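*Asks:* Sequence first, then the predicted structure, then my questions.
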Amino acid sequence: PTALTVAHGRLRRAGVLVTRADALETLAGLDRVVFDKTGTLTRGRMQLAEHRPLSDDEGSANNGEMDAAAKRRHLALAAALETGSEHPIARAFAAWRDASCQASELRNHPGQGVEGVIDGRRWRLGQPRFACLGQPVTELPGAGLWLLLACEGKPQAWFKLDDQPRDDAAETLAALAQRGLAIEILSGDRAVNVGQLARTLGVDQWRGEATPEDKLGHLKARQAQGEKVAMVGDGINDVPVLAGADLAIAMAGASDLTRTRADLVLLGEPLTGIVEAIEVARQTRRIIRQNLGWALCYNLTALPLAACGLVPPWLAAIGMSASSLVVVGNALRLSRPHRSALTDATPRPNARTEPL
């Protein structure tokens, strides 16, 4: 109990909140850590990089300049559809919310997009096939994260969003790999975007365009192979896979529902808290084993001597007190500061980036 109490306190000071009693035991025995992409390995601070209007009747690129009023209308429509959403994408449109443009019957489709009724017409914003009611669409305008705004299945405008990797993402993944953990990226974003991020971070196992059901099925397949898997995510669409993981880790900016399903919650922006948590969990396991070993050896030695009358009562009392002090003192070593979790991390070379 002393070791666990000290470990929880140390993690709390390091910005990691443990919400499940046996989380440290699971953390110490992990085989694989699976990361979501948007808002987890990236900053989750989406910014609108480009807006390409489409003609109402053909769905092809408009060659003329769209007037400012029409552009604001598209942005207001997108902002209205994202009202109430906690996904990082919603924040990119927050600045264009307009009180005169309100959406009703809002629905969030995890991994696909959002829809709602505006002025009696049903609008959708998200993945191209979702926005077009399952109908095939033309190729995306280019690389990157593109969302399609459509009315009753008819394309109206493309939006390109930019998001940058977290500053410590590459170092954190390298530190985890150095500690013997398999690293994987599992995202609902386009495969080309996930692959580009995987190359940047040096990850050779990744999968894009995965629905929440795909993520959960993939996780179950890993577990069926005997692996203990941790999932790191932040969005509502990650809730099913977080619930199915052996250990669920939520980011600081995660949705409320995601945090309630998490076993560990990062209280700050840095990803390094995950490495710290694994280090502390492994140290805690070692300390507990050392204490149990010491207690076993002490009792096997002291009890027979005491039973034979070879140890006077005053010496037995001192011995028991000293044994307890040794156990407590050993557990308190967990509270000592240590070098950064990333001290030994070395960048991993870029590896193959074919999808799984």
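*Replies:* Yep, it's here. What you are looking at is a predicted structure, and each value in this text was computed from that prediction instead of being measured.
*Asks:* Tell me where the model's unsure across this structure.
*Replies:* Along the chain, the parts satisfying pLDDT under 70 run over 55-67, 138, 337-356.
*Asks:* Longest strand of it, counting residues only.
*Replies:* strand 154-162 (DSSP state E).
*Asks:* Helices of the stretch 51-200 of the chain, residue ranges please.
*Replies:* Counting by DSSP state H, counting those that start in this stretch, the stretch 51-200 of the chain has helices at residues 68-81, 88-93, 128-131, 169-178, 191-201.
*Asks:* check contacts around Ser85.
*Replies:* The contact partners of Ser85, by Cβ atoms under 8 Å, 6 or more residues apart in numbering, come to 108, 114. Bear in mind the C-beta positions are built from the backbone N, C-alpha and C, glycine included.
*Asks:* sorry, back to before: buried ones in the longest strand of the chain, by neighbour count?
*Replies:* Residues 154-161 are the ones in strand 154-162 that count as buried (16 or more other Cβ atoms under 10 Å).
*Asks:* try stretch 6-21
*Replies:* Within stretch 6-21, the residues scored as buried using 16+ other Cβ under 10 Å are 6-8, 10-11, 14-18.
*Asks:* now the buried residues of strand 154-162 as a markdown table including distance to Ala243?
*Replies:* Listed next are those as a markdown table, based on distance: Cβ to Cβ, whole Å:
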| residue | distance to Ala243 |
| --- | --- |
| Lys154 | 37 |
| Pro155 | 35 |
| Gln156 | 36 |
| Ala157 | 36 |
| Trp158 | 34 |
| Phe159 | 31 |
| Lys160 | 33 |
| Leu161 | 28 |
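*Asks:* Of these, just say which sits nearest to Pro128.
*Replies:* For these, the residue nearest Pro128 by Cβ to Cβ is Pro155; the value is 8.0 Å.
*Asks:* Isn't that closest one up against Val137?
*Replies:* Yes: the criterion here is Cβ atoms under 8 Å, and Pro155 meets it with Val137 at 6.8 Å.
*Asks:* Just checking: what are the partner strands of the longest strand of the chain?
*Replies:* Strand pairing for strand 154-162, using DSSP bridges, gives strand 47-53 (antiparallel), strand 145-151 (antiparallel).
*Asks:* Alpha carbons only: can I get the last one in CSV?
*Replies:* It refers to strand 145-151. Extracted C-alpha coordinates of strand 145-151, given in CSV (Å, rounded to 0.1, in the frame of the first residue of the first chain):
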residue,chain,number,x,y,z
LEU,A,145,-7.3,17.0,-44.2
TRP,A,146,-10.2,18.0,-46.4
LEU,A,147,-13.8,18.2,-45.3
LEU,A,148,-16.8,18.5,-47.7
LEU,A,149,-19.9,20.6,-47.0
ALA,A,150,-22.9,19.3,-48.8
CYS,A,151,-26.6,20.2,-48.9
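*Asks:* contacts for it?
*Replies:* With Cβ under 8 Å, 6+ apart, strand 145-151 has contacts from 46, 74, 77-78, 89, 113, 121-128, 131-133, 137, 140, 155-163, 189-190, 193.
*Asks:* now with 6 Å?
*Replies:* 78, 121, 123-126, 128, 131-132, 140, 155-161, 193 (Cβ atoms under 6 Å, 6 or more residues apart in numbering).
*Asks:* and the longest helix seen in the chain, which residues are buried?
*Replies:* Counting residues, the longest helix in the chain under DSSP state H turns out to be helix 272-307. Within helix 272-307, the residues scored as buried using 16+ other Cβ under 10 Å are 272-285, 287-288, 290-291, 298, 302, 306.
*Asks:* With stretch 38-46 instead?
*Replies:* Neighbour-count burial for stretch 38-46, with 16+ other Cβ under 10 Å as criterion, is recorded at 38-44, 46.
*Asks:* how far is the helix or strand that contains Val6 from where the chain is centred?
*Replies:* Element membership of Val6 [criterion: DSSP states H and E] is helix 2-13. Centroid separation for helix 2-13 versus its chain: 23 Å, with Cα atoms, centre = their mean, to the nearest Å.
*Asks:* Beyond that helix, next helix or strand please.
*Replies:* strand 16-18.
*Asks:* Can you tell me which helices and strands that following strand packs against?
*Replies:* If contacts are counted by 3 or more Cβ pairs under 6 Å, 6 or more residues apart in numbering; DSSP states H and E, strand 16-18 sits against strand 264-266.
*Asks:* All good on my end, thank you.
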